[in-house]
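[1] The following comprises the amino acid sequence and a computationally predicted model.
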Amino acid sequence: MPPKPPQPGGSSSRPQKRKDPPSSSSNQNGPRNRTSKRAKINDARTILAQSSDAALNTNGELDLNSFLRAREFEIRALEDSMARCKDELMTRAFQQVPRDMRRRTASHNVKRVPKRLRERGAREMREDNTPTVDSAKRKPGSSRGRVRAETAKKLGVLAAKKKSKKGEGRDGDAGVETRAARPKIRKDRLNGPPKPKSKFRKRQIHKTWLPTHMWHAKRAKMTEPKKPLWRFSIPITCTEKSYRPTHRAGGARGAVAWDMSYMSTIGLEGPMESLEKVLKLVGFDDPSLWESKGEKWRSGKRSWSSWLSRGSKDERIQIGPSTVIWCSSQPDSTNEADHVPKKRPVRRVFVRVHPAAFLEVWTELLRVSKMQRPSVRLEDLRFEIGSIDITGPGATETLLGILHPYEDSASSQNSHEKTFHSLAGVTNASSLPSNSILAFSIMDPRLRYPPRPVKLPKANDEEANFSLLEMLSTWPVDASIPSPALFDRDTRWKATRLPAQKSINRRKALEKPGVYPSLKSTDPAIPIMLLASRSTASTSQQGTWTLLAPWKCILPIWYGLVHYPLSSGGNPRFGGINELRQTHFEHGVPMFPADYPGMDAGFAWEAEERERRKAEWERRPKGKRIEWTSLDLGAGRKGEIGRGWACDFERIIGIDPMPNAIITTETTQETQETLPPEPEKMKLESPIQHLPCKAFTTLLASSKSDMPLISFIATVRITLVTKGIASPCARVYRLPLAATNADQPDSIATSTSSHATRAEWLSILPPQTGSKPLPNPKKNKFQTTKVSLNAPISQRQRLLAQSLLQNPPLPYPAPAKVEDHPLVPDEEDLIGFVTTGEFNLAEGKGVAIGSVVVSKVLEGLRRPKEGKGKEGRLCIVRNAGEVVGRLARWEAV
């Protein structure tokens, strides 16, 4: 076949993607590079003008007509230059979008631009011949895409046939559509997740999507498809920069919300005596909970958070934190006819645990419940109840704007609904009674969408502020019974039968502009429960609201929440795992399971982090990664202690390092018979055990208590007393032993003198106000006196002569200023590792959360003549791969 003849001028027959650049006098057919672009802009800014000689005639007199024509030409040249400059420096429509609304494909897909800019964007694309993509006409670029396109086409044909057959009916009559049957909840067995839609079913084989997954997938970085977290697809962090905005929204102005539907809920049902025994056996054994102090908790008016544990031989092994909520008990009837012999009243309890420890908790509760007579039944409610956490000064305002009670009239509202509406003006959830509960029913949030700002009392309104404080102090909710609707299975199922979005849109269209549609009898009531919790005992830290609702009702609530207009400006922010960990870190609270490596769930997290850090280290070129074996720690010490990418507690307790395997503590979503096969991984048991804060504090206060096993670790909060920050996997040392050369052999004295002494580290400690500073043995001997700018000439000359004649003289050239830090202690003084550490924006300095070996801490505190006063809580923190240590102070948390 002969080749095609070339087109005239060498141009292709296809249309050009961009317009040809306009020709100019300074750039004729030149390349479109930086020089040509600069010349083009200069031409656009050039304004042509006429000289004044053109307006004068031969006699030197002013010709009015020529003068006006010359000025007219200059004015038009000015207008033309302004228009050309605007065209050259014009910003396109997709560049006018705020950073949080920008999309990667907005430059060639007008549908990715907000509606207010779509017309302008389409016009710009037409003018520039921008190549656009039509999804209906786009051809697949790979074999996989072609197969998917053919499969989608076949599925469309089958769906059309199925729809036509469904309309005909079996007997020729119109088909009747029915709702799906109520899903069954099996007792004492695990329940599977809700069946997803067919087009999303293949994406949820080994994991489950949260109710807000589609919303988060467009705005956050999610877990990898083949590496879910706790068998859920969970948002990790926002796609935009969010560290400082999260800090401001969570503490100064605004609010931060999380979809916490991955938190697991277990339902217990049985007599009161049996439930009490079960809870005592799993860790709720505080005597005050079962006396008059815990009466509000047992009546469903308060929640209670505590640590769950399980028995193993003669010791208790910690599992993880949990929150227990009792269903409110109905008051006894006063009618004598009702007082007939009945069975023991059945009570219900919700136990909310972290998904990392769900399987361990479920197994222990199932074992303990079968030992009771009468027995206690368990229900797996992970996919029945979802939750949302929100914190910040605008959290209460946001909830007031989106949660509308099902009964509009004030006379029909109960005490919980009235109290909730009277919270306008509360900027901190910790100002409410600790662990308080508000339970009532709300209407479909889509009927009040978009949300409108709530009318808040003025800050200088003393009467409103006094009434709010009076209400918070008396808390009238305690006199009423919370609604038990969320505990009822039928009520939860009816709440999920929400009307379609199209029907709600039709109802909105029938109303007047700005008027919400009225409530109908067919609209279901959504039972909710609000929990007000505190991260610490102090009320100065921001509290957190936890919203519990049916699983399928979380998404409509979430849409209203993230679009609520705050009075401080903007909308509430959303967060992922990283933002949740940041909030815990700034409040000084460890986060489970990341900061608890002494538990099975925490050690599994640490094993995964080890694999991730090691893979990241191996991906780096050899010239840009840390060589752990060649690290020089001074005094002849070479190499990092343990593995640099791990919190190597195995090195401290003296056992072989664990291989790169993960403890099988994942939560199953189906029964064991239907679990999909997973890659084989070595089953490991945690070599360390967590010691609770209360027991650790007791050991610190007593100097004669027995020394615990070396495998026990405790969680501490580390605050650096000098500059610097501590990163994860940083090594934590205790202060070295005070050396006395008279009591030691010559070899030991020589090695000790080469290392940093205890006095050298204590000299770094900043002096307290009014106290004499500690001597610094390594004080710089070349000290010069600073000369004041207002000093007279004679004083300047005298100080200069002193500096020139001092002995020894100042070195020339001046040596580089090097910070001389003491050497870090030896491996025998290593007591723990940092699990979370960075610069704390709330305190303005470096802070860290870590774990320390209890026996080594007590050994250092019980040394003779040491550990007295505040010196016993000092430690040295050294980042992995670095040689510089930082002085810090630790406290038990």
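    Received the coordinates, thanks.
[2] roughly how far out does stretch 287-304 sit from the chain middle?
    The gap between where stretch 287-304 is centred and where its chain is centred comes out at 31 Å by C-alpha atoms, centre = their mean, to the nearest Å.
[3] again with stretch 560-572
    Taking the mean of its C-alpha atoms, stretch 560-572 sits 19 Å from the chain's own mean (C-alpha atoms, centre = their mean).
[4] Name the residues that touch it?
    The contact list for stretch 560-572, computed with C-beta atoms under 8 Å, 6 or more residues apart in numbering, reads 215, 249, 253-257, 388, 390, 392-395, 397-399, 401-402, 445-446, 448-454, 456, 574. The way it works is simple: take the backbone N, C-alpha and C, and place the C-beta from them, glycine included.
[5] same thing with stretch 619-627?
    Contact with stretch 619-627 is made by 617, 644, 880-881, as judged by C-beta under 8 Å, 6+ apart.
[6] Swap in 10 Å and give it another go.
    With contacts defined as C-beta atoms under 10 Å, 6 or more residues apart in numbering, stretch 619-627 is touched by 616-618, 639-640, 644-645, 880-882.
[7] so residue 350 touches residue 328, yeah?
    No - assessed by C-beta atoms under 10 Å, residue 350 is found out of contact with residue 328, at 12.0 Å.
[8] what touches both of these two?
    300, 487.
[9] just the buried members of the contacts of stretch 560-572?
    Buried subset of the contacts of stretch 560-572 (neighbour count, 16 or more other C-beta atoms under 10 Å): 215, 249, 253-257, 388, 390, 392-395, 397-399, 401-402, 445-446, 448-449, 451, 454, 456, 574.
[10] Strands of the stretch 651-800 of the chain, start to end?
    Ranges of strands in the stretch 651-800 of the chain, per DSSP state E, counting those that start in this stretch, are 689-690, 712-720, 731-734.
[11] Which secondary structure element is home to residue 267?
    Under the criterion of DSSP states H and E, residue 267 resides in strand 264-271.
[12] Residue 310 is in contact with residue 366, correct?
    No - between residue 366 and residue 310 there is no contact under C-beta under 10 Å: 11.6 Å.
[13] Comparing those two, which shows the higher neighbour count?
    The neighbour comparison of residue 366 against residue 310 (other C-beta atoms under 10 Å) goes to residue 310, with 18 against 15.
[14] Excluding chain neighbours, what is closest to the spatially most central residue of the chain?
    Against the mean C-alpha coordinate of the chain, by C-alpha atoms, centre = their mean, the closest residue is residue 579 at 2.3 Å. Sequence neighbours aside, residue 246 is the residue nearest to residue 579 in space, at 4.9 Å (criterion: C-beta to C-beta, 6 or more residues apart in numbering).
[15] hmm, back to that, wait, what's in contact with the residue nearest to the centre of the chain?
    220, 235-238, 242-243, 245-247, 249-250, 256-258, 573.
[16] And residue 150, by the same measure?
    residue 140.
[17] Where does it fall, secondary structure wise?
    Counting by DSSP H and E, residue 150 is found in helix 143-168.
[18] Could you pull up phi and psi at residue 710?
    In terms of degrees, to the nearest 10, the main-chain angles of residue 710 are phi -70, psi -10.
[19] Could I get the contacting residues of residue 689?
    Counting by C-beta under 10 Å, 6+ apart, residue 689 has contacts 312, 315-318, 598-600, 708-709, 711-713, 854.
[20] Any figure for the gap between it and residue 636?
    Distance, residue 689 to residue 636, using C-beta to C-beta, to the nearest Å: 35 Å.
[21] what residues are up against residue 227?
    206-207, 608, 612.
[22] who wins for most neighbours among the residues you listed?
    Greatest neighbour count in those, by other C-beta under 10 Å, goes to residue 207: 20 neighbours.
[23] What ranges does the stretch 451-600 of the chain have for its helices?
    Ranges of helices in the stretch 451-600 of the chain, per DSSP state H, counting those that start in this stretch, are 462-474, 489-495, 501-510, 554-562, 577-586, 600-619.
[24] Compare the ones you listed and give me the one nearest residue 77.
    Among the helices of the stretch 451-600 of the chain, helix 554-562 comes nearest to residue 77, with 51.9 Å by C-beta to C-beta.
[25] now the closest one and helix 501-510, what's the angle there?
    Relative orientation of helix 554-562 and helix 501-510, computed by axes from the mean of the first three to the mean of the last three C-alpha atoms, to 10 degrees: 40 degrees.
[26] residues near the closest residue to residue 384 other than its chain neighbours, how many?
    Among residues not flanking residue 384 along the chain, residue 551 sits closest, at 5.8 Å (C-beta to C-beta, 6+ apart). Using other C-beta under 10 Å, residue 551 is surrounded by 21 other residues.
[27] now residue 551: how far from residue 154?
    As judged by C-beta to C-beta, residue 551 and residue 154 stand 33 Å apart.
[28] who touches the nearest residue to residue 201 once chain neighbours are set aside in this structure?
    Residue nearest to residue 201 in three dimensions, not counting chain neighbours: residue 195, with 7.7 Å by C-beta to C-beta, 6+ apart. Counting by C-beta under 10 Å, 6+ apart, residue 195 touches 180, 183, 201, 204.
[29] ditto for residue 362
    Contacts for residue 362 were tallied using C-beta under 10 Å, 6+ apart; they are 188, 190, 264, 266, 351, 353, 378, 380, 382, 667-668.
[30] Filter the residues you listed down to the ones in helices?
    Among the contacts of residue 362, DSSP state H puts none in helices.
[31] wait, isn't residue 323 in contact with residue 533?
    Yes - with contact defined as C-beta under 10 Å, residue 323 reaches residue 533; the gap is 8.1 Å.
[32] re the thing from before, so is the residue nearest to residue 201 in a helix, a strand, or just coil?
    Following DSSP: H, G, I helix; E, B strand; the rest coil, residue 195 is assigned to coil.
[33] got a pLDDT number for it?
    Per-residue confidence at residue 195 stands at 89 (pLDDT).
[34] ok, residue 150 to residue 512 distance?
    Distance from residue 150 to residue 512, by C-beta to C-beta: 49 Å.
[35] Correction: the previous question concerned residue 573.
    Plainly put, residue 573 is 34 Å away from residue 512 if you go by C-beta to C-beta.
[36] which of the two has more neighbours?
    Neighbours were counted for residue 573 and for residue 512 using other C-beta under 10 Å; residue 573 has more, 22 against 5.
[37] Verify the stated contact: the more buried one with residue 238.
    Yes - Residue 573 lies in contact with residue 238 (C-beta under 10 Å); the separation is 7.8 Å.
[38] residue contacts, residue 893?
    Neighbouring residues of residue 893 by C-beta under 10 Å, 6+ apart: 536, 588-590, 595, 693, 696, 714-718, 849.
[39] hmm, back to that, among the buried ones among the contacts of stretch 560-572, which are in helices?
    In this view, these that belong to helices under DSSP H are 215, 249, 395, 397-399, 401-402.
[40] any chance of the strands of the stretch 651-800 of the chain in JSON lines, plus mean pLDDT and distance to residue 803?
    Putting the strands of the stretch 651-800 of the chain into JSON lines (pLDDT from 0 to 100; distance: least, C-beta to C-beta, whole Å) gives the following:
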{"stretch": "strand 689-690", "mean pLDDT": "94", "distance to residue 803": "59"}
{"stretch": "strand 712-720", "mean pLDDT": "96", "distance to residue 803": "35"}
{"stretch": "strand 731-734", "mean pLDDT": "96", "distance to residue 803": "40"}
